[in-house]
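J.: Predicted structure and sequence below. I'll ask about it afterward.
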Amino acid sequence: MYLSKSKYCSGIQCKKILWLDKNNPEVRDDSSNQSVLDNGTEVGEFAKGLFGKYVNVNYCDDLKTMIKDTKSLLLMNKIVITEASFEYENNFCSVDILKKDNDKYEMYEVKSSTEVSDIYLEDISYQYYVLTSLGYDVSKACIVHLNSDYERVGKLELNKLFKIEDVTDIVLEKQDEVLENIKDINKYMDEVTEPLEDLGMHCFAPYECPYFKFCSNWLPDHNVFNIRGMRTSTKVKYYEDDKYKYEDLLKEKINEKYREQIEFELYDKKDKIDKKGIKEFLDTLSYPLYFLDFETYQQAIPEYDHVKPYMQIPFQYSLHYIENKGGYLKHLEFLAEADIDPRRELAQRLVNDIPSNVCVLAYNMSFEKTVIKNLASLYPDLSEHLMKIHDNIKDLMIPFKDRCYYTKSMAGSFSIKYVLPALYPDDPSLDYHNLELVHNGSEAMNSYATLGDLSREEQAHVRERLLRYCELDTYAMVKIYEKLLKVIKDV
């Protein structure tokens, strides 16, 4: 089995990941977001043109073919090769971009993130080891990543879109370490029985381990890793101190919200309802009352003017509203067409649909306010109206975030996906699991981002699913609001 650069990096995080991949892959819990993988592919393709003309080594299941093709290309003196492939003593790597100038080589590892992380240094250090062990004179090793400050205006400028960071000195210092890591990984992989590996920060960083559920299945249901809001490093510290059970944590000086979650789950406590606190919040609201929710997506490579890498681009909203107390519930919605910049039309529709002087409710309002503020900055002619909407937004999350209303089933969370089923446990019309195709924000983002790849019939189906998902988000807010009104009736 070849040790590739991705496997090497997995082994750096935890060697047991590789062992389980080889010996027990069926217990792997891989819930990686496909859009993250797609972004990596897209960014890699664009980065290939950073240095002008290049020759690509096409992928082949037979890695020896890729190695052979690379050797043929290296006979040329000055050349840029992408996916140049090499093998040394069963250690394989494909270099994202390799620049050859006579007998000197420069390596460039491309990442779709906006900064350099430690695991990227491990990645390129491994590649450097492979190439230099084969006798290649590598004069420079660099990480290429997206520039989060770059804003597209007109033609895409690759030299501004990407940042190149020279990490040669760090790579040189890590070479002895790389050799030892390779030896350790190979030795570990020879183990016949499952190796013992304790839980720790390596289960969560640099990436969430796909085997954490398997490796932690011996823990009791009530354990520190289920505490909402607590820092991962704090959870790991309690675990390492053998204080991972809820009963152990109650003896510690912990945040009152963590203590409350523990006590509710351990002792099956009754619902906590602070009617006075809820009423104080509701008294800040007024009719007409609008319930607003946006859906956004991100582009790693900006396709439109005034877009930065990974900027939130709104493409859809749902709007329920009640004009007066006891009035009928009404609904408006917007969903942009595929493969266009959706922001202008969305902003125009928004100012048409929401009067400038009404109370607007959002759930976790910082997100909606940021979207509106960005639109106001982008469109000066709509700015005044948009900012009035922005300034009139109230946050429906507050009574739950402040624990004025809390139940055991909220499991320490104030997310609407936990609050709604806690308030309405037996209402199938409010169950996101009963939706088709789109059940959460990530699925909505992915569905819209790929909408243009579908046929007309398929687009119509996906659009309907997107509309129903976003509609449920604001209808859920209405139902939560109604529940809050109900519990303070006698106050």
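T.: Ah, there it is. Residues are numbered from 1 along each chain as shown.
J.: for the protein, longest helix please?
T.: Across the chain, the longest stretch assigned as helix under DSSP state H is helix 456-487.
J.: helices or strands up against that one?
T.: Here helix 456-487 touches helix 275-282, strand 289-297, strand 313-322, strand 329-335, strand 359-362, helix 416-423, helix 441-449, going by 3 or more Cβ pairs under 8 Å, 6 or more residues apart in numbering; DSSP states H and E. Where you see a C-beta, it was placed from the backbone N, CA and C, and this is true even at glycine.
J.: Now that helix: buried residues?
T.: Buried residues in helix 456-487, counted by 16 or more other Cβ atoms under 10 Å: 462-463, 465-481, 483-484, 487.
J.: try stretch 76-83
T.: Buried residues in stretch 76-83, counted by 16+ other Cβ under 10 Å: 79, 80, 81, 82, 83.
J.: Could you find which two of those residues are furthest from each other?
T.: 79 and 83 (13.2 Å; Cβ to Cβ).
J.: all helices for the stretch 1-150 of the chain, in order.
T.: 5-13, 15-23, 34-47, 63-73, 118-133 (DSSP state H, counting those that start in this stretch).
J.: Let's have these in CSV, adding distance to residue 348 and mean pLDDT.
T.: Formatted as CSV, the helices of the stretch 1-150 of the chain follow (distance: least, Cβ to Cβ, whole Å; pLDDT from 0 to 100):
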stretch, distance to residue 348, mean pLDDT
helix 5-13, 45, 97
helix 15-23, 49, 97
helix 34-47, 28, 86
helix 63-73, 51, 97
helix 118-133, 42, 98
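J.: Just the buried residues of stretch 76-83: which are in strands?
T.: Members of the buried residues of stretch 76-83 lying in strands (criterion: DSSP state E): 79, 80, 81, 82, 83.
J.: Can you pull out the low-pLDDT segments for the protein?
T.: Residue ranges of the chain with pLDDT under 70: 1, 31-35, 491.
J.: looking at this, residue 355 is in a helix?
T.: No: in this structure, residue 355 is coil, not part of a helix, as judged by DSSP: H, G, I helix; E, B strand; the rest coil.
J.: Within its local environment, how many residues does the nearest residue to it once chain neighbours are set aside see?
T.: Distance criterion Cβ to Cβ, 6 or more residues apart in numbering; nearest residue to residue 355, sequence neighbours excluded, is residue 288 at 7.5 Å. Residue 288: 17 surrounding residues under other Cβ atoms under 10 Å.
J.: shift numbering so it begins at 51
T.: All right, first residue 51 from here; so that's residue 338.
J.: Residue 338 reaches residue 409, doesn't it?
T.: Yes: Residue 338 is within contact range of residue 409, at 7.3 Å (criterion: Cβ atoms under 8 Å).
J.: So residue 412 versus residue 382, what's the distance?
T.: Using Cβ to Cβ, to the nearest Å, residue 412 is found at 15 Å from residue 382.
J.: repeat for residue 345
T.: Per Cβ to Cβ, residue 345 is found 15 Å from residue 382.
J.: neighbour count winner among those two?
T.: residue 345 (24 against 17).
J.: Who are the contact partners of the more buried one?
T.: Applying Cβ atoms under 8 Å, 6 or more residues apart in numbering to residue 345 gives the contacts 364, 365, 366, 367, 491, 494, 495, 498, 516, 519, 520.
J.: Buried residues of stretch 93-111, list them for me.
T.: For stretch 93-111, a neighbour-count test (16+ other Cβ under 10 Å) marks 93, 94, 96, 97, 98, 100, 104, 107 as buried.
J.: which of those residues lies closest to residue 286?
T.: For those, the residue nearest residue 286 by Cβ to Cβ is residue 93; the value is 31.4 Å.
J.: quick revisit: save the buried residues of stretch 126-133 as CSV, and put in distance to residue 250 too.
T.: Formatted as CSV, the buried residues of stretch 126-133 follow (distance: Cβ to Cβ, whole Å):
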residue, distance to residue 250
129, 44
130, 41
131, 39
132, 37
133, 34
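J.: helix or strand for the residue lying closest to residue 199 once chain neighbours are set aside, which one?
T.: Nearest residue to residue 199 in three dimensions, chain neighbours excluded: residue 358, at 7.1 Å (Cβ to Cβ, 6+ apart). Assigned by DSSP states H and E, residue 358 belongs to no helix or strand.
J.: burial measure for residue 358, as a count.
T.: Residue 358 has 17 nearby residues by other Cβ under 10 Å.
J.: go on, residue 313?
T.: By other Cβ under 10 Å, the residues close to residue 313 number 14.
J.: Counting neighbours, which bits of stretch 150-168 end up buried?
T.: The neighbour-count check on stretch 150-168 (16+ other Cβ under 10 Å) flags 150, 155, 156, 157, 158, 159, 160, 161, 162, 163, 164, 166 as buried.
J.: farthest pair in those residues?
T.: Put simply, by Cβ to Cβ the two of the buried residues of stretch 150-168 set farthest apart are 150 and 164, 28.7 Å from each other.
J.: what sits opposite the closest residue in space to residue 126 that isn't next to it in sequence in the beta ladder?
T.: The shortest distance from residue 126 to any non-neighbouring residue, by Cβ to Cβ, 6+ apart, is to residue 150 (7.3 Å). Counting by DSSP bridges, residue 150 forms beta bridges with residue 129, residue 155.
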